[in-house]
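Engineer: mind looking at a prediction? Sequence and model below.
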Amino acid sequence: MTSIPLFHVLILSSLLFVIGFIGVVARKNTLFMLMSLEVMLNAVGVAFIGAGSVWQQADGQVMFILILTLAAAEVAVGLALLIRMQKKYRSLDIDALNQMKG
Amino acid sequence: MNVLLASLPFYPFVSFLLLIFFGKRLSWRLAATISVSSMAISALVSAILLFELSVTKNQVMTANLWHWFELSYAMGSSDVNVRFYLDGLSAVMISVVTGVGFLIHLFAAIYMKSDVNFSRFMAYMNLFIVAMLILVLADNLVLLYLGWEGVGLCSFLLIGFWYQEQSNVLAARKAFIVTRIGDTSMAIGLLLLFNSFGQLNIEAVTLLAEQANSLSAGTNAESADNIYWIALLLLGGAVGKSAQLPLQTWLPDAMAGPTPVSALIHAATMVTAGVYLIARMHGIFLLAPEVMNYVAWLGALTLLLAGIAALAQTDIKRVLAYSTMSQIGYMMLALGAGAWTAGVFHLMTHAFFKALLFLTAGAVIYALHHQQNLFKMGGLLKKLPFESSLFIIGLICLMALPGTSGFFSKEAIIAQLWSSDTAGPMLWWCAILGALLTSIYSCRLFFLGFLGKARFNENVQLKKSSLLRTSLIILALLSLFGGLIPLDLTLVFSSVMNLPLAQLTEPTWLHTVAIITPFIGMVFSWFYFKSYRISHLAGKEHILQPNNGRFVVFCRQGLGFDGLYKKLFIMPYQWLAQINKNDIFDQIIMLNAWYVGLWHDALVLVQNGSLRWYLAAFGLAIMLLLGVSLL
Amino acid sequence: MLANFASIDSLFYLAGLVAVIASLKVVTGNNTVHALLYLVVSLLAVAVCFYLMGAPFAAGLEVIVYAGAILVLFVFAVLMFGLGADETANAPQNKNVANMFGAMFLAFALLIEIVIIINNADLQQNLQANVIDSKAVGIMLYGPYLLAVEIASFLLLAGLLAGYHYAKPDVTRGPL
Amino acid sequence: MTLTCIMLALLFAGGSAWRAENHWQGSAKWLALIALALLATVFAVFVMSASNDFAQLQVLSRVSWIESFNIEYSIALDQLSIVLITLTWLLAIICVLVSWYEIQSNVGFYYFNLLLTIAGIIGVFVAVDMFLFFFFWEVMLLPMTAIIAIWGHENRQFAALKFFIFTQVSSLLMLVAIIGTGYFHLMQTGQLSFYYPDWLLLDIPLSISQYLMFGFFIAFAVKLPSVPVHSWLPDAHTQAPTAGSVLLAGVLLKTGAYGLIRFVIFLFPQASLQFAPIAATLAVVSIVYGAKMAFAQQDFKRLVAYSSISHMGFVMLALFAFNSTAYQGAIVTLVAHGLSSAALFSLAGMIYQRIHSRNLTDMGGFWQSAPRMGGFALAFAGAAFGLPGLANFIGEFFSLVGAFQVMPAFTIIAALGLIGSAIYGMVLFQTSFQGAAKQDIIDLQLRELLICGSLLLMLLAIGLYPTLLLKFSFGV
């Protein structure tokens, strides 16, 4: 039926990944950084699903589920920390958290 | 074991301890009584010892106090004891040390009466006597070295007695360090001596040296070489202590100390320790005739140098200091020529008259409110007739006018120079020239200080103390008649094989020349220094100024040795110390720390705490890794 | 070919395009809520892709858990921050163009490298049309991956506890 | 057994001093003093009453410690260690006395560290299992670092770090050498051993032993210290509290010399003999360079520190002369320097307490107001420049006499150090006590008189009757 080349799936995955990467590195707003992280995780999910589909293995989807739990936990902790940060610094600027410099 | 001999240094030592520990609480009278009476007892004991010595069989007495330590070397070991040894030579020394020492203590007790630190002063003087007695009585060279350093320390303390004055402090430092250079040479000499003979006992070394000589002198090249070096190194020590060339520079500065100190230490006793050392070690020196020749030449050169320098001085004590140097030069000359007895004899008479001169000078200086400048004196003969007459006695002894003690001893030296194997006519002429210089500077000193018109305005102050005068009078009597003391040291130097007489025959005019030389000097001075002695020089007397020509100043500063040493040794040492103040080794080692620190600083820049920066670095690293794997 | 291409495949490419554009909007947006909504769009588009790749279960999870639960968490968190209308003014902005440019450059380089690698890997396969259903996934999950599931559950528990702990308003505790 | 108990008792006394200070202010110093005096007496009684004559190394206890590596807890005594331990006791008591009023903060912990250091030092002097030796070597190091770092002067952290790094790096080399020798024992006899008497029986070929010796030598040369690895010493001495300096100069440096005698020379005689010219060169350079550097210093304690380097050069020279006179000289120098430098550092501490400066330019004319202190300063400076009649002279004289028989040229240069020492001694004494009086200070109090007086008496006793020490003669 379909004949989407794996190559294209991986291209899509890397595109999404790189977009997410840009977001994480370039944004100062921590909330946006978290969202970009989600994008990156998602990109990895695409690659896994694609690979699973090519070789007709369920492992890809299993991995995706694990990534999903990871994302859930990460978002929970991340957002909680963000709330702390907002209380303490009155800002979501990641550059405010640079006390741990050498 | 002779208890009296063993106890000789004990009396002044007890006095020292008492004064040091309870000095602050003692009254002047008590402190003075303690220190002077301890010296009186010592003098008495040495008199008894002298008597006992003359009746003992071989004229040697010993007292073993305790076993000090034992030194071992490749072929065995030898004991070094705290042991006193009294023979003719050390007997002369102890009588000078305790006798003259007693008189000077007596003088000092009154002279220093008003000083706040009187008891400390007397304590040092006592300690000095202890060290000096140990030096002359030592039976081995290590104990001698102990006394040697001890007198150095006391000399240092007494020169710097008025320590608040920076110049005194520096003079004391200079004296100590310069003599220490000599001491180090002596210490190396001791090492070499022990290594060659396995002994440090003076008697034993003398004996061994003689044996070595009688076996086959000169055939054993190595041992001859060793003895040459030993003698030379010991000479180094003697030169330092006795202020001879080239280590003479400390003595004039040492005059910063109180006048009794100059009399006791820097004229009568300590500075002659070098002479004593060479006389004591004559056994070694005789085996090294070259070194004896050096001794003679050093003595002669110092004699002339000090005579010239004395001519240009303006400070009465410095004149006397240079005069001391030159007189010790005579002693060295005598020793170098092998005239041992004459050298020691001159040591004794010199102690008498130089102590007298210094003490009288001290009295004069005190009378003039601590004025030491000769050009601010003048006419003292009328104002201080007693002191002046004693000073004249001292001066005629110094000039060796016939009949005085100086005459006998100096004649004895000069008489033996011409025909000595290690001296010779050349040195004889030096001695004569020295005598001429001596009489000229003595006359100059006398004219400037005692004749002419008074060039000061204050009234003279006098210490009218019969004790003080007694001590001066006794010294004056000793100076005048000390030449009559029969000094028989043949036993001490009996072991000396007579030096082969040179082929020179003495011309007949020798003695005549020697005797009239001082008179020539006097006559010359009478005319040359006319301006100094005339009191009616038509209104010019108040502008009598020292000659400040360049050459005169050069002579006044001891012929530039100070400056030379400063340029040669002191400044380079200070420079070295200064440039390397931070320790170059430390710098090199700390380079490691600096290097690590550099990396630390560089990496700290990377560790900037910014999360995004870390992420970017992470991405960059992945990019680079992938790039590398691609290539 | 064209017909094939136009039907299913083009749907995939279209969804992919939507995902990419929405993601770009997420990354570059200024308004938090807008960005969140774009993120939802991106996730939904990816879910479509999943579906097209023959993983309907994963697509469902993506919609329910990701777009449904996680993003709702985001929304609540944003609500708690109380970012009002002035959010765009107060929120930290990227004024530094060089900074942005650097990140872009890095990302581009990375992208190019990844593409080259994928290209070099010589992947000729196309996706299979067969659907891998939830049963197969379930067998795998509770078979070989049981340990991983347990670990994941612990992770979730830890996330829960940590989230509660950090987010709890507690005046007695010190900062952070 | 008794020795082990003494060391444990020191540790216990330190711990209880630490606790006690928290409850009763001022009890720690009394506790430390009493404990030290008591334990010193116990040690003295033990040595006197022991049936052994200690001329040879007497092993006192041997217990297996780490079985798998055949490491033992074994301690032994001989005359060398008795001399050095006695010195340690004396100086430990002096240390407590000098810190009586000086230490004001963390007093209890201070005395704990002090007693721990002393326990470590005693351990170093008695351990005959090399691993145990290394253990004590480290035990001694850590509390000492703490003493410098916590109670030191203004630049204490730096000095403590420098001290620590120097000693630590060098002792790592020693550890390598220890393991190497133990391994060699394994190769030769089939059994691993770190037991010193076992090692004495080893026959190590020169090609190996020279490297092993070098490892030990560096560790001990750093501790001694010898140029060019001396530079921790001036900093550590200057920054340490008075008791720290006393302990450092008086005893810690001696562990270096002790190691050189016991391990470098006795374990590797051949390699040492081969190494002697280099060691002698280092020694001579230390003597002259130390004296020169001492002259350049403005800081009282720094000056004394550099003089220590100079004096330790004599020890090294004597040790590498390989004859009994030189050995005796080295040991007397060790004791004499322990006493005289301890005395000078105590004086520095006393002056510092009065004028709050160690700088010589702030001093001058103290004799006016403190004649007793001046007298002691002169005596101790005299000891430092080798005045005959004091102990240092005997040590230096013996060292020089011994060394001269073997290497006259080196010895003559070393003797020039006598001039250098006179120069810095004069500078030290004259700039602080002579000259115009810059300020008035209080003269010595009873406690300080006790410290100075006892040190001077000991110096005099050894100087005038060295048989006291020389009884402990050591054959080559």
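Structural biologist: That came through, no problem.
Engineer: with adjacent residues omitted, what lies nearest to the residue of chain A found nearest chain C?
Structural biologist: Of all residues in chain A, residue A:73 sits closest to chain C, at 3.0 Å by C-beta to the nearest C-beta. For the C-beta atoms, the positions are set from N, CA and C on the backbone; glycine is no exception. Using C-beta to C-beta, 6 or more residues apart in numbering or on different chains and skipping residues adjacent in sequence, the residue nearest residue A:73 is residue C:159, 3.0 Å away.
Engineer: tally of neighbours for the one you found?
Structural biologist: Residue C:159 sits with 21 neighbouring residues when counted by other C-beta atoms under 10 Å in any protein chain shown.
Engineer: do I have it right that it meets residue A:74?
Structural biologist: Yes. Counting by C-beta atoms under 8 Å, residue A:74 is a contact partner of residue C:159 at 7.2 Å.
Engineer: can you pull out the strands in the stretch 51-200 of chain D?
Structural biologist: Secondary structure of the stretch 51-200 of chain D by DSSP state E, counting those that start in this stretch: the strands cover D:58-66, D:71-77.
Engineer: the stretch 1-150 of chain B now?
Structural biologist: B:61-73, B:76-86.
Engineer: report the angle between the last one and strand B:61-73.
Structural biologist: Regarding strand B:76-86 and strand B:61-73, their directions subtend 160 degrees when assessed with axes from the mean of the first three to the mean of the last three C-alpha atoms, to 10 degrees.
Engineer: from the contact counts, what lies against strand B:76-86?
Structural biologist: helix B:3-7, strand B:61-73, helix B:118-137, helix B:141-159, helix B:202-216 (3 or more C-beta pairs under 8 Å, 6 or more residues apart in numbering or on different chains; DSSP states H and E).
Engineer: which parts of that strand are buried?
Structural biologist: Within strand B:76-86, the residues that qualify as buried by neighbour count (16 or more other C-beta atoms under 10 Å in any protein chain shown) are B:78, B:80-86.
Engineer: what would those residues look like in a markdown table with distance to residue D:137?
Structural biologist: A markdown table is the format used below for these (distance: C-beta to C-beta, whole Å):
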| residue | distance to residue D:137 |
| --- | --- |
| B:78 | 40 |
| B:80 | 38 |
| B:81 | 42 |
| B:82 | 41 |
| B:83 | 45 |
| B:84 | 49 |
| B:85 | 51 |
| B:86 | 55 |
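Engineer: I'd like the residues you listed laid out as a markdown table, including pLDDT.
Structural biologist: What follows is these, written out as a markdown table (pLDDT from 0 to 100):
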| residue | pLDDT |
| --- | --- |
| B:78 | 82 |
| B:80 | 85 |
| B:81 | 86 |
| B:82 | 87 |
| B:83 | 87 |
| B:84 | 89 |
| B:85 | 88 |
| B:86 | 87 |
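Engineer: which of those residues sits closest to residue A:7?
Structural biologist: Residue A:7 lies nearest to residue B:80 out of those, by C-beta to C-beta, at 101.2 Å.
Engineer: so who does the closest one touch?
Structural biologist: B:68-71, B:140, B:142-143, B:200-201 (C-beta atoms under 8 Å, 6 or more residues apart in numbering or on different chains).
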